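J.: what's the 3D shape of this:
(2 chains)
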Amino acid sequence: MGFLFDDSGMVSAAGGNPGDLEPTSFVSLSFAQFAAARDLAPEATGGELSRLAQAGGRCRFVLSSIFGGRTLALLFDDGAEMSDDRRTRGSTRPGRYPDVKDVEKAAQALSEAGASRVEGLGVNWSRDAEGEIDRIFKGED
Amino acid sequence: MSMINYASREINCKIVYYGTGLGGKTTNLEHVHSRVDPESRGKMISLATETDRTLFFDFLPVDLGSIRGFKTRFHLYTVPGQVYYNASRKLILKGVDGIIFVADSQAQRAEANIEAMHNLFENLESYGYDLETIPFAIQYNKRDLDNILSVEELREQLNPAGVPDFEGVAIEGKGVFETLRAVSKLVVKTLN
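T.: Below is the predicted model:
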């Protein structure tokens, strides 16, 4: 799966099948990992990459900074079949993955629809939201 | 800043628990996690040391459901309170919509509380944020312990602006939801 998140760790767009993964939590961890490592990437890659790619035990995780201060994160299942045209000298070529296409479509939709600070949702929205807050955070004090 | 994704009609709001080390920030979040309907919340992520000190942050997403066509979600974070993790604290504050300052009521922690409050102001200022415009509440935690300062003393030290404040015993859940509801409502009010 793949997703875009902004520089405050919020998801902008997502694509692919998350399976058992919880996307929101995963994005938050991705954001933390990425932010913690961003200063190291240029040194580690001799300036080749402005940001960092991360490889895990079973899955590979690729992070890349793209437009508008957003970050593209891609999670690859190494158990899945992978043809040679997805690799270049052992490196993953994200553009060959269907999930990347999904993210591209979502990013395009995002770009067309716009993503901005919330403004003027209205008193009714706020009142309904407060009702949900009372319902969900109803724990006894 | 709360972000709306018009393509997927989602609103995400970020609330950060701030305060001195061992003040009860993680305990607040753990209580929320234990009491909120599992269908409304995600997994709680904690990155902690072997001694259970928060290493980077705790994170809990809570889904308010669809409100007038917008899927609305709160992202609850704690910061590591230890002095030397300031880079992490600053990072987690980025894009914050609401802040809950968890103060330790014990007299011997008064200086640490004040230092943490100053640190909060400094870190917000570095982003150009103004705490007077960000939904903010203070919880005076550990009210069950001996040798605690009075609420009046704590107010004088930590709350000269008179923001909403609450007494708490987070380990028993007291004051946890009261504080969270207050800040959450202030956050949604900023959106109308």
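J.: when you work out contacts or count neighbours from here on, use the C-alpha atoms and nothing else.
T.: Noted.
J.: isn't B:His75 up against B:Lys14?
T.: Yes: between B:His75 and B:Lys14 there is a contact under CA atoms under 8 Å: 4.8 Å.
J.: more neighbours, these two?
T.: B:Lys14 (26 against 23; other CA atoms under 10 Å in any protein chain shown).
J.: so the nearest residue to B:Lys43 once chain neighbours are set aside versus B:Thr26, what's the distance?
T.: Closest residue to B:Lys43 apart from its sequence neighbours, by CA to CA, 6 or more residues apart in numbering or on different chains: B:Leu60 at 6.3 Å. Taking CA to CA, to the nearest Å as the measure, B:Leu60 falls 11 Å from B:Thr26.
J.: neighbour-wise, which of these two wins?
T.: B:Thr26 (27 against 24).
J.: leaving out chain neighbours, which residue sits closest to the more buried one?
T.: That would be B:Thr78: by CA to CA, 6+ apart, it lies 6.5 Å from B:Thr26.
J.: can you pull the pLDDT of that neighbour?
T.: Note on B:Thr78: pLDDT of 92.
J.: then the one 3 residues further on?
T.: Note on B:Gly81: pLDDT of 83.
J.: again with the one 3 residues further on
T.: We note a pLDDT of 72 for B:Tyr84 in this prediction.
J.: what residues are up against it?
T.: Contacts for B:Tyr84 (CA atoms under 8 Å, 6 or more residues apart in numbering or on different chains) come out as none.
J.: helix, strand or coil: sort out it for me.
T.: helix (DSSP: H, G, I helix; E, B strand; the rest coil).
J.: same question, B:Tyr129
T.: coil.
J.: neighbours of it, how many?
T.: By other CA under 10 Å, 18 other residues sit near B:Tyr129.
J.: got the phi and psi for B:Cys43?
T.: Quick fix: residue B:43 is Lys, not Cys. Dihedral angles of B:Lys43 (phi, psi; degrees, to the nearest 10) stand at phi -80, psi 150.
J.: and it, how far from B:Tyr77?
T.: Plainly put, B:Lys43 is 12 Å away from B:Tyr77 if you go by CA to CA.
J.: now do B:Lys189
T.: 20 Å.
J.: neighbour count: those two, which is higher?
T.: A count of neighbours by other CA under 10 Å puts B:Tyr77 above the other of B:Lys189 and B:Tyr77, at 28 against 18.
J.: contacts only, for that one.
T.: By CA under 8 Å, 6+ apart, the contact set of B:Tyr77 is B:14-17, B:57-60, B:92.
J.: from those, which has minimum pLDDT?
T.: Among the contacts of B:Tyr77, B:Phe57 has the lowest pLDDT, at 75.
J.: isn't there a strand covering that one?
T.: Yes: when classified by three-state DSSP, B:Phe57 is found to be part of a strand.
J.: for B:Gly23, what are its contacts?
T.: Contacts of B:Gly23 by CA under 8 Å, 6+ apart are B:81, B:102-104, B:141.
J.: do the same with B:Val163
T.: Contacts of B:Val163 (CA under 8 Å, 6+ apart): B:136-138.
J.: of those residues, which belong to strands?
T.: Counting by DSSP state E, the part of these found in strands is B:136-138.
J.: most neighbours of all those residues, which one?
T.: B:Ile138 (25 neighbours).
J.: any low-confidence regions in the chain?
T.: Using chain A here. A:1, A:3, A:5-120, A:140-141 (pLDDT under 70).
J.: actually, chain B is the one I wanted.
T.: Those would be B:1-8, B:48-55, if you go by pLDDT under 70 across chain B.
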